[in-house]
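J.: sequence? don't have it. structure:
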């Protein structure tokens, strides 16, 4: 209890109040409430809400309009900061987030069987998407709205997928399909660049404008799904049939990784040097391309907005020069926001590294699987719980469909054989018991 009172004192000192602010309206009618439901129309005030996030915070800072009509807008350079100012912002945001967790309950919204569900695929690419054919084929699965649907009309409206793509070089994109899904700005990230985090933040913010989105699948151009859309989405929703009901919060899925000595030097030490000193919160997921549930996404966006409105700093700024920033930023922010309570430790997106290489920096890129998208590989990855796999430089949609259909048939046959064995064993046991009773009689 004393810990809570201590956190509450920090909260009150930072916000200048002893109790949560009430909703009130300005003369122009816009909300100045600390409620997250007002984030889409006004900034958060000094006090953060203790309510579960429900709306999308606006981007910060505002976009800079491009001077060239054909150019994509970019965001201005982030404000400069000192280590001490980042440390202050980090500690304030951490304490405030902990107070909010203590004072609020988990999101309690529910998802009825008639409500549409949308899966947002958020892709970070350079200027090409060699797996485009796979994603287009996947989008046309029977249960996807707008696809070649042959089932119940209600189920067609039930599950859907939308694509949001960030390109580092959007002016070089030639694919009409990719162009049609580009978000209208670029951060021009390079490899191992903290601007990748900024790109993903904008992708998920854009995706969650659709209130039916339950999960954001964060991928690169080398990722592909391992199962059909309907099976994958029903797995994420934790329901067996499209007509079942499910309650939120929706889970996030990532493979939590134990830090190595290399991580300590290239991540923890760098974050500390940049002013992010909440060591206990720093968490790593490997790979960093994961599935994020809506509640966690909203929590990350809201936490960043809360920090910016109070200190005019972004927490993501502390990830500059941090190794593989996307592997650390999102797990850490989710840990700060909700203590990972909605996270399932699962390799949802399969990747494999060359562990034999003693130089950790040379393990930076996972192994490539070009020309190896086979039924054996897909079945093995799926058995491990993966729904996506990387890395593939090129894969045609027709080949993807052929392999996935083969694996589906093999798994169905395997399940059928297991059922027959189970039934046979049960019948044998029953007969044996009956024979014993007859003998005793």
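T.: Received the coordinates, thanks. From a predicted model like this one, the values you see are computed outputs, not experimental measurements.

J.: where along the stretch 101-250 of the chain do the strands fall?
T.: Under the criterion DSSP state E, counting those that start in this stretch, strands of the stretch 101-250 of the chain are mapped to 110-111, 117-125, 159-167, 213-220, 224-225, 246-247.

J.: ok and the fourth one relative to strand 117-125, angle-wise?
T.: Just to be clear, that refers to strand 213-220. 20 degrees (axes from the mean of the first three to the mean of the last three CA atoms, to 10 degrees).

J.: name the helices or strands packed onto strand 213-220?
T.: With contacts defined as 3 or more CB pairs under 8 Å, 6 or more residues apart in numbering; DSSP states H and E, the packing partners of strand 213-220 are strand 117-125, helix 195-207, helix 229-237, strand 291-293, helix 294-311. C-beta: built from backbone N, CA, C; applies to glycine.

J.: output the ones you listed in JSON lines; the columns should cover mean pLDDT.
T.: Output for the helices and strands packed on strand 213-220, formatted as JSON lines (pLDDT from 0 to 100):
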{"stretch": "strand 117-125", "mean pLDDT": "95"}
{"stretch": "helix 195-207", "mean pLDDT": "95"}
{"stretch": "helix 229-237", "mean pLDDT": "86"}
{"stretch": "strand 291-293", "mean pLDDT": "95"}
{"stretch": "helix 294-311", "mean pLDDT": "93"}
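
J.: okay if I get the strands of the stretch 101-250 of the chain as a markdown table plus distance to residue 395?
T.: Below are the strands of the stretch 101-250 of the chain laid out as a markdown table (distance: least, CB to CB, whole Å):
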| stretch | distance to residue 395 |
| --- | --- |
| strand 110-111 | 32 |
| strand 117-125 | 15 |
| strand 159-167 | 17 |
| strand 213-220 | 13 |
| strand 224-225 | 6 |
| strand 246-247 | 31 |
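
J.: for the ones you listed, which one sits closest to residue 93?
T.: strand 213-220 (22.0 Å; CB to CB).

J.: now the angle from that closest one to helix 294-311?
T.: Using the same axes, to 10 degrees: strand 213-220 against helix 294-311 is 80 degrees.

J.: quick one: low-confidence parts of this structure?
T.: The model of the chain has pLDDT under 70 over residues 1-77, 103-114, 141-157, 239-248, 355-364, 415-441.

J.: the stretch 301-441 of the chain: strands as residue ranges?
T.: 343-345, 349-350, 388-389.

J.: elements contacting the last one?
T.: This means strand 388-389. Partner elements for strand 388-389 (3+ CB pairs under 8 Å, 6+ apart): strand 224-225, strand 349-350, helix 375-383.

J.: phi and psi next, for residue 285.
T.: phi -120, psi 140 (degrees, to the nearest 10).

J.: returning to what we had before: residue 193 is nearest to which of the strands of the stretch 101-250 of the chain?
T.: So among the strands of the stretch 101-250 of the chain, strand 117-125 is nearest, using CB to CB, at 10.6 Å.

J.: now do the contacts for residue 220.
T.: Listed by CB atoms under 8 Å, 6 or more residues apart in numbering, the contact partners of residue 220 are 123, 124, 125, 289, 390, 391.

J.: quick check: the third one touching residue 165?
T.: To tie it back to what came earlier, the one meant is residue 125. Yes - counting by CB atoms under 8 Å, residue 165 is a contact partner of residue 125 at 6.2 Å.

J.: anything in contact with each of those two?
T.: residue 178.

J.: hmm, back to that, comparing the helices and strands packed on strand 388-389, which comes out most buried?
T.: Ranked by average neighbour count under the criterion mean count of other CB atoms under 10 Å, those are headed by strand 349-350 at a mean of 26.

J.: ok, residues contacting that one?
T.: For strand 349-350, the external contacting residues (CB under 8 Å, 6+ apart) are 219, 223, 226, 287, 289-291, 381, 384, 386-390.

J.: which of these are buried? Put it as a PyMOL command.
T.: Restricted to buried positions by 16 or more other CB atoms under 10 Å, the PyMOL selection for these reads:
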select buried, resi 219+223+226+287+289+290+291+381+386+387+388+389+390
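
J.: residues near the residue nearest to residue 300 when sequence neighbours are not counted, how many?
T.: Once flanking residues are discounted, residue 300 sits nearest to residue 333: 4.5 Å by CB to CB, 6 or more residues apart in numbering. A count of nearby residues for residue 333, using other CB atoms under 10 Å, gives 25.

J.: contact partners for residue 333?
T.: 299, 300, 303, 304, 315.

J.: could you dump these to a markdown table with neighbour count and distance to residue 189?
T.: Formatted as a markdown table, the contacts of residue 333 follow (neighbours: other CB atoms under 10 Å; distance: CB to CB, whole Å):
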| residue | neighbour count | distance to residue 189 |
| --- | --- | --- |
| 299 | 27 | 23 |
| 300 | 27 | 18 |
| 303 | 24 | 22 |
| 304 | 22 | 17 |
| 315 | 26 | 18 |
